[in-house]
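> Can you look at this prediction? I've put the sequence above it.
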Amino acid sequence: MAEKFDVVVIGSGPGGYSAAIRCAQKGAATAIIEKSDMGGTCLNCGCIPSKALLGSAHFLTLAKYSNLMGVVIDGNISPNWSKMQARKEAIVAGFRKGVTSLVQANKIKIFQGTGIAKSANKVEIISDSAAVEIETKSIILATGSQPMEIPAFPFDGETIISSKETLALEEVPKSMVIIGGGVIGCEMACVYATVGAKVTIVEALESILPNEDPWVGKMITREFKKLGIETLAGQKVTGVEVAGGIGKVSLDNGQTIDAEKVLVAVGRKAACDKETVDSLGLKTKGSVIEVNEKMETNVRNVYAIGDVVGTTYLAHGAFSEAEVAAVNATGGDEAMGDYSLIPRAVYTFPEVASIGKNETRCAKEGIETVVGKAMFKSNGRSVAHNESAGEVRVIRNKADDKIMGVTMVGATVTEMLAAARALIGTTEKITDICFAHPTVSEVLKEAWEDAFGISIHVPPRP
Ligand code: NAD
């Protein structure tokens, strides 16, 4: 007889495992199916390994300023790439173990294999050893995404590679061309430029990080130059020829660049087994599964969350959607809120963080704004730490004084996103809040005050 569950979750990434745990906490008999490693892309070949390598690379950038900071380090300061890789592996393995035991501690049954939904109530799990069928009242699809490839020069896993291989290179290449100056491209550029590769980013649009306001791309391009990263924006790659382990990258302006590795980072596409889509009759748009604000698909009792629904392609976006799907799959009634309130964080040197509507979006929507600005170079703690590049901008709606958005570039701005979130949609007087001094986050306060023309440390505007 088939084993019976209340909820079956397919995929164990941030969306899948958090949905499963929330369902179990609500008393549902829950199963989770994973065909690869527990933790999904984020833990195994995305957020966590990239942050581990960025952590090592950041440490190296700091060590290089030891002389300026008055610290004597005898001998060479140089990267040990294999140790960096081993450290990354150990971090990932530790968290993988942690996620697995967390899921087990919540009495969730883990099935190893490929989960295929046969109907809204039947899921087949196919593994090397067997195929089993289980029954369920609800299904949550959390099957993630895959790197997008460019058909004219598909991944070969050796020279033309995706972020997955890039995170696990055995040696630092002498040169790397990164196609796509988005989040992955910019983060990987920081890692590899810091450990000694000659990195060139080719971005098709006007600027790198084109989803942010233009000043962000300009500032990051300038900071990247200091790291030795070359940025070619507004350029299209027309082809990549591989010969003798070297990729010859051709651009539409006739330029060619040789590189040992060519990272293609032009986005990710949703990934769901065709069989599941067909047997359930799921409504899709391209590779993405269509859902409503309750994370319901067009099939009753089947939910979808995370990258497979193509909304944010962010782990924390998946966490939020998982919460909603889990509540609804266990008898509740919840809906996703405003997606612009899902924070955006890029872990470059310096970091980029934004939330709410940016200046570009406000302008598109015809919202008249006043933009408050403050710089890290005027902040005591940032200067003391020798990390004073960057700026914070707070966007105020001129009509009702409400804060529409915050965009920040600076050393630790991703950690300031929760504070920025608290401001969005409010007219709250930040001057009433006492910020510890000296802290990096005082720049947020200064920018807020500047949006109202009352900053103490930003000079009055002409
Ligand atoms: P992305 O959408 O962030 O950036 C892709 C970039 O490639 C864009 O700037 C686009 O203009 C450019 N591009 C597209 N086709 C091109 C071409 N032919 N030539 C040159 N440039 C081209 O995608 P990504 O960087 O691959 O990341 C994938 C997803 O993973 C994103 O949605 C991202 O948000 C997510 N991610 C997030 C984080 C984070 O939050 N820190 C980290 C890594 C990945």
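Right, received. Where do you want to start?
> so what are the domain limits for this structure?
Following automatic domain parsing, one finds the domains of the chain at 4-147+269-339, 160-266, 350-451.
> Just give the closest residue to the residue in the stretch 101-250 of the chain that the ligand sits nearest to, not the sequence neighbours.
Using Cβ to the nearest ligand atom, the closest approach of the stretch 101-250 of the chain to the ligand is made by Gly182 at 1.7 Å. The C-beta positions use only the backbone N, C-alpha and C, and glycine is treated the same way. Counting by Cβ to Cβ, 6 or more residues apart in numbering, Gly182 lies nearest to Ala265, which is 6.2 Å off, once chain neighbours are set aside.
> Can you give me the separation between the one you found and the ligand?
Ala265 sits 4 Å away from the ligand, going by Cβ to the nearest ligand atom, to the nearest Å.
> Could you list which residues are in contact with that residue?
Going by Cβ atoms under 8 Å, 6 or more residues apart in numbering, Ala265 touches Pro147, Ser162, Ser163, Ile178, Ile179, Gly180, Gly182, Ile184, Gly185, Met188.
> Just to check, Gly217 is in contact with Ala233?
Yes. Contact criterion Cβ atoms under 8 Å: Gly217 and Ala233 qualify, at 7.4 Å.
> Leu54: which element?
Under the criterion of DSSP states H and E, Leu54 resides in helix 47-63.
> Give me the nearest residue to Met188, chain neighbours excluded.
Thr166 (5.4 Å).
> Pull the number of nearby residues for that neighbour.
Close neighbours of Thr166, defined as other Cβ atoms under 10 Å, add up to 26.
> Could you pull up the residues touching it?
Met188, Tyr192, Lys261, Leu263.
> just checking, which of those residues belong to strands?
Lys261, Leu263 (DSSP state E).
> Pipe the contacts of Thr166 into JSON lines and attach neighbour count, pLDDT and distance to Ala304 per row.
Putting those into JSON lines (neighbours: other Cβ atoms under 10 Å; pLDDT from 0 to 100; distance: Cβ to Cβ, whole Å) gives the following:
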{"residue": "Met188", "neighbour count": "26", "pLDDT": "98", "distance to Ala304": "29"}
{"residue": "Tyr192", "neighbour count": "24", "pLDDT": "98", "distance to Ala304": "35"}
{"residue": "Lys261", "neighbour count": "26", "pLDDT": "98", "distance to Ala304": "34"}
{"residue": "Leu263", "neighbour count": "29", "pLDDT": "98", "distance to Ala304": "29"}
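> what's the most distant pair in the contacts of Thr166?
Distance extremes for the contacts of Thr166: the farthest pair is Met188 and Lys261 at 10.0 Å, using Cβ to Cβ.
> shared neighbours, the two?
Thr166, Met176.
> before we move on, back to that, what about the domains of the chain, which gets the closest to Pro459?
domain 350-451 (9.6 Å).
> now that closest one: mean pLDDT?
Here domain 350-451 scores 96 as its mean pLDDT.
> Same check on stretch 56-75?
Per-residue scores along stretch 56-75 average to 94.
> Which of the helices or strands spans Ile125?
Here Ile125 is assigned to strand 122-126, by DSSP H and E.
> who touches the helix or strand following that strand?
Note on strand 122-126: by DSSP H and E, the next helix or strand toward the C-terminus is strand 131-141. Under the contact criterion Cβ under 8 Å, 6+ apart, strand 131-141 has outside partners 2-11, 16, 19-20, 23, 31, 111, 117-118, 120-125, 272, 276, 289, 297, 301-305, 308, 322, 325-326, 329.
> residues of strand 131-141 that come out buried?
Ile134, Thr136, Lys137, Ser138, Ile139, Ile140, Leu141 (16 or more other Cβ atoms under 10 Å).
> Which strand residues bridge the first one?
Bridge pairing for Ile134 (DSSP bridges) gives the partners Glu3, Val123.
> For the residue nearest the centre of the chain, give me phi and psi.
Centroid check for the chain by Cα atoms, centre = their mean gives Leu314 as the closest residue, at 4.9 Å. Backbone torsions for Leu314, taken as degrees, to the nearest 10, come to phi -130, psi 140.
> What is the neighbour count of Val308?
For Val308, using other Cβ under 10 Å, the count is 28.
> same deal with Thr284?
The local packing of Thr284 (other Cβ under 10 Å) involves 18 other residues.
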